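Undergrad: coordinates only, no sequence provided:
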């Protein structure tokens with residue numbers, strides 16, 4: 001059997017040829033193959049009786065001109081990992097740590113500084129569309145497994161980012177949902193896994209949730225992000241929003257809107273850099289508008305969030321690689337002197 005492989009990607013041709021070779025060995029089929037990097041090259045040698053099967057990419061460049069950046073496809077291959085729910089069923093923190101190490105090694109290889117995981121939310125509804133990302137309905141198991149993953153990842157000099165802090169336990173309407181929860185349930189169920197992870201693994205980053213918690217959006221929540229996370233648990237890392245945040249204002253301090261409201265709660269970074277309530281990057285003046293005004297944001301609060309962010313940036317793999325620093329580098333207090 002004669003086969004033609006027509007694809008302008010050498011990687012794709014190699015993958016397809018490998019699959020065909022494996023199939024041929026399994027079925028004991030002998031074949032010969034010719035590879036072509038363009039339709040023109042294939043047509044120049046084509047005849048109706050030459051090939052039994054032709055595998056052809058439907059999108060290929062039309063000439064030999066250099067490809068523009070937007071026309072180039074980049075491939076980044078990584079290891080397929082079982083779901084978090086399945087991993088948690090091992091009850092084996094050593095294996096989970098090793099899994100984190102593997103992820104961290106691949107992050108370092110690809111130049112990635114932060115992995116937006118693990119998911120730490122509790123299984124409360126079997127219909128939650130992202131239960132597979134979360135470990136368990138038990139906060140002790142979820143926290144223990146999450147901490148093992150974080151330690152494994154960060155052993156390679158890169159960062160984990162546990163999420164979604166907190167009470168994000170359904171996908172339906174999750175950007176509008178208000179999770180009404182008692183103080184006891186909040187601390188014993190919904191925050192306990194995060195508490196275990198923060199206190200035993202010290203993640204460099206944490207991501208907030210879209211939903212409200214007792215009427216306040218998670219990415220503005222002073223109670224969870226400052227009083228509990230920073231104050232009680234003594235977390236000094238970087239806290240970021242999920243991908244954008246809802247426009248809102250502090251009910252007690254009306255001057256604090258959007259970014260000013262967020263910084264007051266010590267949610268340091270708005271991801272992915274867009275304005276409040278928008279997926280498109282635009283300038284949001286609310287931080288500086290309230291600066292220095294009565295009950296407005298203070299320079300100390302802005303500086304505090306900048307320090308939280310820089311602690312991650314200065315120990316991130318890309319920064320260390322660029323400046324020739326060891327992955328174990330940690331910024332000293334001299335980086336944060338206010339002059």
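TA: Received, thanks. In this text, all values refer to a predicted model and were calculated from it rather than measured experimentally. Residues are numbered from 1 along each chain as shown.

Undergrad: for residue 183, what are phi and psi?
TA: Per-residue torsions, residue 183: phi -60, psi -40 (degrees, to the nearest 10).

Undergrad: relative to residue 170, how far out is it?
TA: In this view, residue 183 and residue 170 are 21 Å apart by Cβ to Cβ, to the nearest Å. Backbone N, C-alpha and C define where each C-beta goes, glycine included.

Undergrad: these two: which has the busier surroundings?
TA: Here residue 183 and residue 170 are compared on neighbour count by other Cβ atoms under 10 Å; more neighbours surround residue 170, at 18 against 9.

Undergrad: contact partners for the residue nearest to that one when sequence neighbours are not counted?
TA: Of all residues not flanking residue 170 in the chain, residue 128 sits nearest, at 5.2 Å (Cβ to Cβ, 6 or more residues apart in numbering). Each residue near residue 128 by Cβ atoms under 8 Å, 6 or more residues apart in numbering is listed here: 134, 169, 170, 171.

Undergrad: most neighbours among those, please name it.
TA: Counting neighbours by other Cβ under 10 Å, residue 134 leads those with 27 neighbours.

Undergrad: returning to that earlier point: element containing the residue nearest to residue 170?
TA: When elements are defined using DSSP states H and E, residue 128 is found to belong to no helix and no strand.

Undergrad: check it and give its pLDDT.
TA: On pLDDT, residue 128 comes in at 90.

Undergrad: just residue 277 next, same as before
TA: pLDDT for residue 277: 50.

Undergrad: then the one 4 residues further on?
TA: On pLDDT, residue 281 comes in at 55.

Undergrad: same question, the one 10 residues further on
TA: What the model reports as pLDDT for residue 291 is 90.

Undergrad: do you know how far it is from residue 301?
TA: Distance from residue 291 to residue 301, counting by Cβ to Cβ: 9 Å.

Undergrad: more crowded one of the two?
TA: residue 301 (18 against 15).

Undergrad: surely the more buried one meets residue 263?
TA: Yes. Using Cβ atoms under 8 Å, residue 301 is in contact with residue 263, at 5.5 Å.

Undergrad: mind listing the strands for the stretch 151-300 of the chain?
TA: Under the criterion DSSP state E, counting those that start in this stretch, the stretch 151-300 of the chain contains strands at 159-160, 178-179, 205-207, 212-213, 216-217, 238-243, 269-271.

Undergrad: how about residue 6: what's its closest non-neighbour residue?
TA: residue 56 (4.2 Å).

Undergrad: would you confirm that that neighbour contacts residue 7?
TA: Yes. Between residue 56 and residue 7 a contact is recorded at 7.4 Å, counting by Cβ under 8 Å.

Undergrad: more neighbours: which of those two?
TA: More neighbours surround residue 7 than the other of residue 56 and residue 7, with 23 against 12 (other Cβ under 10 Å).

Undergrad: that one and residue 317, how far apart?
TA: 34 Å.

Undergrad: with mean neighbour count and mean pLDDT added, can I get the strands of the stretch 151-300 of the chain in JSON lines?
TA: Below are the strands of the stretch 151-300 of the chain laid out as JSON lines (neighbours: other Cβ atoms under 10 Å; pLDDT from 0 to 100):
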{"stretch": "strand 159-160", "mean neighbour count": "26", "mean pLDDT": "94"}
{"stretch": "strand 178-179", "mean neighbour count": "18", "mean pLDDT": "94"}
{"stretch": "strand 205-207", "mean neighbour count": "26", "mean pLDDT": "97"}
{"stretch": "strand 212-213", "mean neighbour count": "23", "mean pLDDT": "96"}
{"stretch": "strand 216-217", "mean neighbour count": "20", "mean pLDDT": "93"}
{"stretch": "strand 238-243", "mean neighbour count": "22", "mean pLDDT": "94"}
{"stretch": "strand 269-271", "mean neighbour count": "18", "mean pLDDT": "91"}
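
Undergrad: so can I have JSON lines of those showing distance to residue 46?
TA: Shown next, in JSON lines, are the strands of the stretch 151-300 of the chain (distance: least, Cβ to Cβ, whole Å):
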{"stretch": "strand 159-160", "distance to residue 46": "52"}
{"stretch": "strand 178-179", "distance to residue 46": "63"}
{"stretch": "strand 205-207", "distance to residue 46": "53"}
{"stretch": "strand 212-213", "distance to residue 46": "63"}
{"stretch": "strand 216-217", "distance to residue 46": "61"}
{"stretch": "strand 238-243", "distance to residue 46": "48"}
{"stretch": "strand 269-271", "distance to residue 46": "51"}
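
Undergrad: residue 105: which of those strands is closest?
TA: The closest of the strands of the stretch 151-300 of the chain to residue 105 is strand 159-160. By Cβ to Cβ, the value is 13.6 Å.

Undergrad: brilliant, that's me finished.
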